[in-house]
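> with the sequence up front, the predicted model follows.
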Amino acid sequence: MFDPVIAPSGTLLGLLQRGRGDGTLHALTAPRAEALAALNHCVLHDPRHDWQVENRSLYYARLLLDLGGELDAIEAHLFDPEDALDTEESRTGLALAVLGHLASYGRRDALALLRRYAATGTNWAWALDELALRDDDAGLRALAAPVLARFSADAEGEAALAAAVRDAFEPRPWRLWAEDPRPAIAGRVRAAHETGCFDRWQRQLSPTGPRPGWSVRAVFEWAQQGAERGAALHVPAARCLAAVAGPDDRPEILRAARQGTDGARCTALRYLADGNDPDTLALIEAAVSDGTPAVVEAAVDAFERMRSVAAVDRARAWAGRPDPLGAAAGRML
């Protein structure tokens, strides 16, 4: 957390810093240069008191699209020499997240900036996570060499690489690189993945802090406890599920996705979508039809993460729906 300087609420900058809905209206009616200056100030100088719990990137990305803004200011910020000195995620995280949303809306210049920053920037892991959700396989494969070059070939470098693979928020790039036709790429990533799995196993045997019980039911209970106190834990819970669930647990996970508590249902949908389970799309459709707002949001988010041929075909069928699932399908096409 940090202490940003917030402009008065009656100013355009102050409205945008606070994420106010009327800030968008004021920006669209203000002189374009003034509106873009205020918007860029927010993106480059994150105004949130706690950037880890308050989402703002989509708000700024949509406004930048409405204003037809260019990305020169974001580019200068990302590739400023300060990037090598200030390695805190808070300096570039909001800008990278905004670029991710812009890439989702078809801005090729945003996609190009993310690729370039993932190859050369300090906060490369965040950029890679954004690309994992938006880039195609060819774009991600092109980043394998520059990303792996960050890690030296000695024991210390290989340990750092294993930690990066193990702790990656979005595993898709690493999975692609593990199948790369270049032996030097695939070999390093596979070895790092094996080391990371062994490290995770050791941590499960010798936990150093509080954790949910290492069973499918315990993970669901932990996710529900978070939901009851207003904390959405289904994303980390799905990652826990990936570490502990086996083939015999699939029926229990499917039941949770159909009729579990909110925490369990959100967790199960995320886990099944990440694994491209064949029943995922039907379960997502059911969740949008009869789930609570939290379940609907989690189901739509899980669907937007899917990149399989079946998901794209289903998106074409759902694109005309007058609900959040229809809107998500439209964004995917």
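Right, received. Where do you want to start?

> C-alpha from now on. contacts and neighbour counts both.
Fine.

> any regions of the stretch 101-250 of the chain where pLDDT drops low?
Within the stretch 101-250 of the chain, the set of residues satisfying pLDDT under 70 comprises 196-214.

> how about the helices in it?
In order along the chain, the stretch 101-250 of the chain carries the following helices (DSSP state H, counting those that start in this stretch): 108-120, 124-134, 137-141, 144-148, 155-167, 172-178, 183-205, 216-228, 234-244, 250-259.

> OK, contacts around residue 262?
For residue 262, the contact set (CA atoms under 8 Å, 6 or more residues apart in numbering) comprises 224, 227, 292, 294, 295.

> so how far is residue 283 from it?
If you measure residue 262 against residue 283 using CA to CA, to the nearest Å, the figure is 14 Å.

> and if you look at residue 193?
Separation of residue 193 from residue 283 (CA to CA): 30 Å.

> buried subset of the contacts of residue 262?
Of the members of those, the ones counted as buried by neighbours, 16 or more other CA atoms under 10 Å, are 224, 227, 295.

> tell me the secondary structure for the residue lying closest to the last one once chain neighbours are set aside?
When the adjacent residues along the chain are set aside, residue 295 lies closest to residue 266, with 5.6 Å between them (CA to CA, 6 or more residues apart in numbering). For residue 266, the secondary structure call by DSSP: H, G, I helix; E, B strand; the rest coil comes out as helix.

> residue contacts, residue 266?
234, 257, 294, 295, 298, 299.

> try it again at 7 Å.
If you count contacts by CA atoms under 7 Å, 6 or more residues apart in numbering, residue 266 has them with 234, 295, 298, 299.

> mind putting these in CSV, secondary structure and distance to residue 127 included?
What follows is the contacts of residue 266, written out as CSV (DSSP: H, G, I helix; E, B strand; the rest coil; distance: CA to CA, whole Å):
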residue, secondary structure, distance to residue 127
234, helix, 22
295, helix, 28
298, helix, 23
299, helix, 24
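
> who wins for neighbours among these?
Neighbour tally across these (other CA atoms under 10 Å): the maximum, 30 neighbours, falls on residue 299.

> isn't that one up against residue 282?
No. No contact is recorded between residue 299 and residue 282 when judged using CA atoms under 7 Å, the distance being 10.7 Å.

> mind checking the end-to-end distance for stretch 300-311?
When the termini of stretch 300-311 are compared using CA to CA, they are 12 Å apart.

> and residue 126, how far is that from residue 92?
Taken as CA to CA, the spacing of residue 126 relative to residue 92 amounts to 9 Å.

> what of residue 141?
Counting by CA to CA, the gap from residue 141 to residue 92 is 24 Å.

> distance-wise, check residue 106 relative to residue 125.
Residue 106 sits 22 Å away from residue 125, going by CA to CA.

> in terms of neighbours, single out the busier of the two.
More neighbours sit around residue 125 than around the other of residue 106 and residue 125, counting by other CA under 10 Å; the figures are 19 against 12.

> contact partners for the residue nearest to the more buried one when sequence neighbours are not counted?
Excluding its sequence neighbours, the residue lying closest to residue 125 (CA to CA, 6+ apart) is residue 118, at 6.9 Å. Contacts of residue 118 were listed using CA under 7 Å, 6+ apart, and they are 124, 125, 127, 128.

> what about 8 Å?
Residues touching residue 118, when contacts are defined by CA under 8 Å, 6+ apart, comprise 124, 125, 126, 127, 128, 143, 147.

> show me the one in those that has more neighbours than the rest.
Comparing these by number of neighbours (other CA under 10 Å), residue 128 comes first, having 28 neighbours.

> enumerate every residue touching that residue.
Contact criterion CA under 8 Å, 6+ apart gives 114, 115, 118, 173 as the residues in contact with residue 128.

> what do you get for residue 285?
Residues counted as contacts of residue 285 (CA under 8 Å, 6+ apart) are 299, 325.

> let's verify it: helix, strand, or coil?
Using three-state DSSP as the criterion, the local structure at residue 285 reads helix.

> distance of it from residue 40?
Using CA to CA, one obtains 38 Å as the distance from residue 285 to residue 40.

> could you do residue 327 as well?
Between residue 327 and residue 40 the distance, using CA to CA, works out to 27 Å.

> got it, and residue 267?
In this structure, residue 267 and residue 40 are separated by 35 Å, where distance is defined by CA to CA.

> next, count neighbours for residue 308.
Using other CA under 10 Å as the criterion, residue 308 is surrounded by 11 other residues.

> that one - nearest residue in space that isn't next to it in sequence?
In this structure, residue 308 finds its nearest non-sequential neighbour in residue 276, 7.4 Å apart by CA to CA, 6+ apart.

> got the confidence number for the one you found?
The model reports residue 276 with a pLDDT of 89.

> what does residue 66 give?
For residue 66, the pLDDT comes out at 95.
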